[in-house]
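**Student:** Mind looking at a prediction? Sequence and model below.
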Amino acid sequence: MTNTSPKGVALITGASTGIGAIYADRLAKRGYDLILVARNKDRLDTLAARLRLETGRQITTLQADLSDKAGIAKVEAVIHKDPSITMLVNNAGVGSVASILQANVDKMEAMIELNITALTRLTYAAAPAFVERGAGTIINISSVVGIAVEALNGVYSASKSYVLSFGHSLQKDLAEKGVRVQTVLPGATATEFWDVAGYAPQKSSEITMRAEDLVDAALAGLDAGETVTIPGLHEGEAWTRWEQERRDLAPKFRNPKPAARYHVA
Ligand SMILES: NC(=O)C1=CN([C@@H]2O[C@H](COP(=O)(O)OP(=O)(O)OC[C@H]3O[C@@H](n4cnc5c(N)ncnc54)[C@H](OP(=O)(O)O)[C@@H]3O)[C@@H](O)[C@H]2O)C=CC1
Ligand SMILES: N[C@@H](C=O)C(=O)O
């Protein structure tokens, strides 16, 4: 792909609908060329055609199943080959409302492959070039259930906790090398996510946010330099406090002897 944009290319996974499609719209309007990744080629092509017309940006589509090793490898190869990629949006993900006892373990494994493995491998594919250039942006879509883990399916929530923890770690390893890392924690958002997850009524409940508002807030958070953005959390200082307490706890774990409450001589 030839880069005609000074902003470079943003590669967005899960761009055929929902939050990823809104990222595509907003980033094209911000001047990025795009590579749109998902399984549904017709939807990707329809979105790409509209955005080309509206923004004049270069938009390519890439059909890939990211719950499958071959699909992940296909996207990794594109990232390795294209030095014009300056932003990676790891958005593709699926959820479930089924309890651990109801859920099919093969579906859980596929969810782990998509929500964790694909996100990790694509980050590994993109980071070295970003570091070498001293610039680049990685946006990883987690969820508020990565913290409020008792909600929804346990494997889904844990996969989103992984994304949050991985983001902290990427921040530590990459921020000083010029790479921006943002982890976004949406709450319930009005997308097809809920049809796939098994609870369609959540798309229109009173706590559910529009995908447009979610993405606009997330990008405002990115512009403001936030490393973790939680659009639905009105008391932003509650997050700052909680994060500080987590960091303050870290040195307290370092003891050669078990705590007195365990009565080990
Ligand atoms: N909606 C919500 O309430 C919340 C969503 N999130 C997170 O936001 C992210 C986006 O979800 P959202 O937009 O809501 O959901 P949607 O179901 O609307 O969109 C999911 C996107 O991921 C793609 N996708 C799904 N499976 C695969 C796959 N195996 N390989 C490649 N692409 C895939 C879909 O495209 P296709 O089917 O064409 O492959 C689609 O483009 C997810 O990570 C989700 O966990 C977090 C918190 C709340
Ligand atoms: N974040 C949503 C799902 O991931 C929710 O809050 O239900």
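**Tutor:** Nice, I can see it. Ligands and ions are numbered 1, 2, ... in the order given.

**Student:** Buried residues in stretch 175-187, which are they?
**Tutor:** Neighbour counts over stretch 175-187 (16 or more other Cβ atoms under 10 Å) mark 179, 180, 181, 182, 183, 184, 185, 186, 187 as buried. (Glycine included, C-beta is placed from N, CA and C.)

**Student:** now the third one, what's its secondary structure?
**Tutor:** So the one you mean is residue 181. strand (DSSP: H, G, I helix; E, B strand; the rest coil).

**Student:** when you scan stretch 185-192, is anything in it near ligand 1?
**Tutor:** Yes - applying Cβ under 6 Å from any ligand atom, one finds stretch 185-192 in contact with ligand 1 at 186, 188, 189, 191, 192.

**Student:** coming back round to it: just the closest of the buried residues of stretch 175-187 to ligand 2, please.
**Tutor:** If you rank these by distance to ligand 2 using Cβ to the nearest ligand atom, residue 187 comes first, at 4.2 Å.

**Student:** Turn the buried residues of stretch 175-187 into CSV, columns for pLDDT and distance to ligand 2.
**Tutor:** Listed next are the buried residues of stretch 175-187 as CSV, based on pLDDT from 0 to 100; distance: Cβ to the nearest ligand atom, whole Å:
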residue, pLDDT, distance to ligand 2
179, 98, 26
180, 98, 23
181, 98, 20
182, 98, 16
183, 98, 13
184, 99, 10
185, 98, 7
186, 98, 5
187, 98, 4
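
**Student:** and the stretch 151-265 of the chain, which residues reach ligand 1?
**Tutor:** So the stretch 151-265 of the chain meets ligand 1 at 186, 188, 189, 191, 192, 193, 196 (Cβ under 6 Å from any ligand atom).

**Student:** swap the cut-off to 8 Å and go again
**Tutor:** 156, 160, 185-196, 202, 208-209, 211 (Cβ under 8 Å from any ligand atom).

**Student:** of those, buried ones?
**Tutor:** Judged by 16+ other Cβ under 10 Å, buried ones among these: 156, 160, 185-191, 193-194, 202, 208-209, 211.

**Student:** What backbone torsions are found at the residue in the stretch 51-200 of the chain that ligand 1 sits nearest to?
**Tutor:** The nearest approach of the stretch 51-200 of the chain to ligand 1 comes at residue 93, 2.2 Å away (Cβ to the nearest ligand atom). As for residue 93, its main-chain torsions (degrees, to the nearest 10) stand at phi -170, psi 160.

**Student:** Is it possible to get CSV of the residues of stretch 185-192 next to ligand 1 that adds secondary structure?
**Tutor:** Output for those, formatted as CSV (three-state DSSP):
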residue, secondary structure
186, coil
188, coil
189, strand
191, coil
192, coil
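
**Student:** dump the residue contacts of the residue of the chain found nearest ligand 2.
**Tutor:** The minimum distance from the chain to ligand 2, using Cβ to the nearest ligand atom, falls at residue 143 (3.4 Å). Residues near residue 143 by Cβ atoms under 8 Å, 6 or more residues apart in numbering: 95, 156, 157, 160, 163, 185, 186, 187.

**Student:** check contacts around the last one.
**Tutor:** Spelled out, it's residue 187. Each residue near residue 187 by Cβ under 8 Å, 6+ apart is listed here: 143, 144, 207, 209, 230, 231, 232.
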